[in-house]
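Visitor: Could you look at this predicted model? Sequence included:
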Amino acid sequence: MTPIKRLTSVMAACVLVIAVAGCGFKSDPTPASSSDYFKWSSIETSVQPPCINVNGKLSGNMTNIDEILIELQKAGEEADCPGCPFQSDEEFIFSPGELGLISNSGQFKTSICPTQISSLYRMKVTAKSKYFGMPDAVSKEYFIEMP
């Protein structure tokens with residue numbers, strides 16, 4: 001075998017080894033421990049027309065939260081489809097610093113004022129993770145009746 005053929009064979013073998021090592025199923029990353037997760041402990045709402053007060057408490061690792069998303073959907077008589085799956089009409093986004101999540105041990109209070117007027121709203125609150133593969137904390141749906 002000539003030196004050029006030998007070099008070509010060695011290079012081809014190296015490329016093949018690298019290609020084979022890079023193939024295969026890679027699963028999504030998961031948190032190292034359950035202490036990395038966060039979840040909703042409680043959410044309470046009250047109405048102060050025309051705004052809605054939202055009080056929430058999260059438990060777990062607050063430093064892994066990227067943002068808090070509050071979504072509203074009109075659900076009153078003028079809504080398009082009161083019995084349909086949740087579909088946000090308005091979104092309110094807050095950073096953990098804006099709500100004081102870390103300094104208040106996961107508790108926050110805020111007010112949101114919908115621009116789309118309705119007699120009844122459906123609301124969902126999501127704590128979004130900073131990291132790909134770590135699940136978001138999504139609340140149940142809340143119904144808020146406006147006076």
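Guide: Good, I have the coordinates. Numbering: from 1, shown residues only.
Visitor: so what's the residue nearest the centre of the chain bridging to?
Guide: With distances taken as Cα atoms, centre = their mean, K128 lies nearest the centre of the chain, 2.6 Å away. Beta bridges link K128 to E67, judged by DSSP bridges.
Visitor: shouldn't it be in contact with L69?
Guide: Yes: assessed by Cβ atoms under 8 Å, K128 is found in contact with L69 at 6.1 Å. C-beta: built from backbone N, CA, C; applies to glycine.
Visitor: Using the three-state scheme, assign T8.
Guide: The three-state label given to T8 by DSSP: H, G, I helix; E, B strand; the rest coil is helix.
Visitor: ok, it - contacts?
Guide: By Cβ atoms under 8 Å, 6 or more residues apart in numbering, no residues touch T8.
Visitor: can you give me the strands in this protein?
Guide: For the chain, applying DSSP state E gives strands covering 38-48, 51-60, 65-74, 90-94, 107-112, 120-129, 137-138, 142-145.
Visitor: Indicate which one of the ones you listed is closest to K5.
Guide: strand 120-129 (53.0 Å; Cβ to Cβ).
Visitor: list the contacts for S88?
Guide: S88 makes contact with 71-73, 124, according to Cβ under 8 Å, 6+ apart.
Visitor: Which one of those residues is nearest to N61?
Guide: Closest to N61, out of all of the contacts of S88 and judged by Cβ to Cβ, is K124, at 21.8 Å.
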